[in-house]
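K.L.:
Next one to model:
(one chain, ligands or ions: 2)
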Amino acid sequence: MTQMRENADIIDRDEVDDLEAILSVTNTAWDEQSHAVHSDYDTMFTWDYDKGQRPKLDKLYEKAKRSQWNAQTDLPWETEVDQEALVVANAAANGGFNQGLEVAGTPLERWGDKEWIRFGVESQNWTLSQFMHGEQGALVCTAKIVESVPWIDAKYYASTQVMDEARHVEVFSKYLDEKLSGHYPINAHLRLLLDDIIADSRWDMTYLGMQIMVEGLALAAFGFMHQMTTDPLLKQLLRYVMSDESRHVAFGVLSLQEHYQQLSSAELRERQEFAFEAAVRMRDRFLQQEVWERMGVSPRIVAPLLLQVPERQTFQALLFSKIVPNCKKLGLLDAADGWLRTKFTELGCIAFEDWEDTGSEYEQLQATDGATAAAS
Ligand SMILES: [Fe+2]
Ligand SMILES: [Fe+2]
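P.N.:
Numbering: from 1, shown residues only. Ligands and ions are numbered 1, 2, ... in the order given. A predicted model of the protein is given here:
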């Protein structure tokens, strides 16, 4: 029988919206230069070298080989970026500075354009820093998949993703150094999540945590920023990164679909719990607590205000618009009495279940590519 684990066992608190518990998780190691995570797992050799046994993975691998780009030479790095002007332009294009916050009676009441612009600049530094740290997470997770996945087609594909992720870390790091105005250390919630993914010994958990959850969210987040930003360099950078990311998420969906078919309902329940934990950790990060601290405002004052802005809730839910259909495609929503369906309903993101999953989306893109190639 499946042992029923409660929220407290999975996410260290009973209520998902317990702000005090969320804000009490902070990164205290701001000067840390490296971070070790222990993991016990089997590195798998396979003696079955028959390429193309899994035709969809094989196709993805061939596609990946043709889609490599060079972070140093394929982007217009000479573009001048005026970060403050961008913050002003982005705010003008997206409904003003204060994000619909009810600031009366709070320290934000005294903020003028100067403070909001500085906040916008810090917020961008923070966001791009977290993208960069997440990309390093993807780099190490995918290297681990090369070792631990038992199928040759998956090892081949994953090796190309390792190269993709190195390039992604490289572009975000270069953009931060050359165009923005400061770095942030990894957010504590993101680090908890990456640590949990890496520490798990089961190869399919690496895929679920990284390819389905972290990369699924990244794909949606990059999409928003791509749409919103008025900086042509960042726009192009994100477009390149997103074309790689959609392949990575498709890799996760295709691999896990096969593997999950042979798991018991108790084993699937463990995957559901892991998906839920990852979803909550990612959501906890949205409060940007380090940015408010750097602005001299207690996140404990601002967080309840942030939670009251309806547009913000809609936006946050939309970040799960790739994850939910992908979990459904994998059978994770409804396995084990629909446990994950209930949890995603509580998190307010179940409405996306019938949106297109990334596996089908990717195959359609492939088909369109083929048609274009045939027509030209
Ligand atoms: Fe990436
Ligand atoms: Fe990726």
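
K.L.:
Quick check: closest non-adjacent residue to the closest residue to ligand 1 within the chain.
P.N.:
With distances taken as Cβ to the ion, the chain approaches ligand 1 most closely at H168, which sits 3.7 Å away. C-beta: built from backbone N, CA, C; applies to glycine. Counting by Cβ to Cβ, 6 or more residues apart in numbering, the nearest residue to H168 once its immediate chain neighbours are dropped is E135, at 4.1 Å.

K.L.:
Run through the residues that contact the one you found.
P.N.:
Neighbour list for E135: E165, H168, V169, F172 [criterion: Cβ atoms under 8 Å, 6 or more residues apart in numbering].

K.L.:
Chain neighbours aside, what residue packs nearest to the closest residue to ligand 2 within the stretch 151-300 of the chain?
P.N.:
Using Cβ to the ion, the single residue of the stretch 151-300 of the chain nearest to ligand 2 is H248, 3.7 Å away. Leaving aside its chain neighbours, H248 sits nearest to E215 (5.1 Å; criterion: Cβ to Cβ, 6+ apart).

K.L.:
Pull the strand or helix carrying that neighbour out as CSV, backbone CA atoms only.
P.N.:
Assignment of secondary structure by DSSP states H and E places E215 within helix 215-228. Listed next in CSV are the C-alpha coordinates belonging to helix 215-228 (Å, rounded to 0.1, in the frame of the first residue of the first chain):
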residue,chain,number,x,y,z
GLU,A,215,12.5,23.3,-18.2
GLY,A,216,8.7,23.3,-18.7
LEU,A,217,8.5,26.4,-16.5
ALA,A,218,11.6,28.0,-18.1
LEU,A,219,10.0,27.6,-21.6
ALA,A,220,6.9,29.5,-20.5
ALA,A,221,9.0,32.1,-18.6
PHE,A,222,11.4,32.7,-21.5
GLY,A,223,8.3,33.0,-23.8
PHE,A,224,6.9,35.8,-21.6
MET,A,225,10.1,37.7,-21.4
HIS,A,226,10.7,37.3,-25.2
GLN,A,227,7.3,38.8,-25.7
MET,A,228,7.7,41.6,-23.2
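
K.L.:
Enumerate the positions of that helix that are buried.
P.N.:
Within helix 215-228, the residues that qualify as buried by neighbour count (16 or more other Cβ atoms under 10 Å) are E215, G216, L217, A218, L219, A220, A221, F222, G223, M225, H226.

K.L.:
E270: how many residues sit nearby?
P.N.:
Residues lying near E270 (other Cβ atoms under 10 Å) number 19.

K.L.:
Kindly list the main-chain dihedrals of it?
P.N.:
phi -60, psi -40 (degrees, to the nearest 10).

K.L.:
SS state for the residue of the stretch 151-300 of the chain closest to ligand 2?
P.N.:
Remark: H248 carries the secondary structure label helix [criterion: DSSP: H, G, I helix; E, B strand; the rest coil].

K.L.:
measure it to T358 for me?
P.N.:
Distance, H248 to T358, using Cβ to Cβ, to the nearest Å: 9 Å.

K.L.:
How are the helices of the stretch 1-150 of the chain distributed by residue range?
P.N.:
Along the stretch 1-150 of the chain, counting by DSSP state H, counting those that start in this stretch, helices occupy 7-11, 19-23, 55-66, 83-93, 113-148.

K.L.:
Just say which of those helices is most tucked in.
P.N.:
Across these, the average number of neighbours (mean count of other Cβ atoms under 10 Å) peaks for helix 113-148, which reaches a mean of 20.

K.L.:
Helix or strand for the residue lying closest to K56 once chain neighbours are set aside, just tell me which one.
P.N.:
Once flanking residues are discounted, K56 sits nearest to L254: 5.0 Å by Cβ to Cβ, 6+ apart. When secondary structure is defined by DSSP H and E, L254 falls within helix 232-260.

K.L.:
Any part of that helix near ligand 1?
P.N.:
No - Helix 232-260 lies out of reach of ligand 1 by Cβ under 5 Å from the ion, never closer than 5.6 Å.

K.L.:
Read off the pLDDT value for the residue of the stretch 151-300 of the chain closest to ligand 2.
P.N.:
pLDDT, H248: 95.

K.L.:
any idea which element I198 lies in?
P.N.:
helix 188-199.

K.L.:
show me the contacts for Q72.
P.N.:
Contacts for Q72 (Cβ under 8 Å, 6+ apart) come out as E170, K174.

K.L.:
what about it, distance to D231?
P.N.:
Distance check for Q72 against D231: by Cβ to Cβ, it reads 19 Å.

K.L.:
ok so, going back, from what I can see the residue nearest to H248 touches E245, true?
P.N.:
Yes - contact status for E215 versus E245: in contact at 5.7 Å, counting by Cβ atoms under 8 Å.

K.L.:
Identify the contacts common to these two.
P.N.:
By Cβ under 8 Å, 6+ apart, no residue touches both E215 and E245.

K.L.:
Up against ligand 2, what does the stretch 201-350 of the chain have?
P.N.:
Within the stretch 201-350 of the chain, the positions lying close to ligand 2 (Cβ under 5 Å from the ion) are E215, E245, H248.

K.L.:
circling back to that earlier point, closest to A336 among the contacts of E135?
P.N.:
Of all these, the one with the least separation from A336 (Cβ to Cβ) is E165, at 31.7 Å.

K.L.:
What residues does the stretch 151-300 of the chain have near ligand 1?
P.N.:
Among all residues of the stretch 151-300 of the chain, those adjacent to ligand 1 (criterion: Cβ under 5 Å from the ion) are E165, H168.
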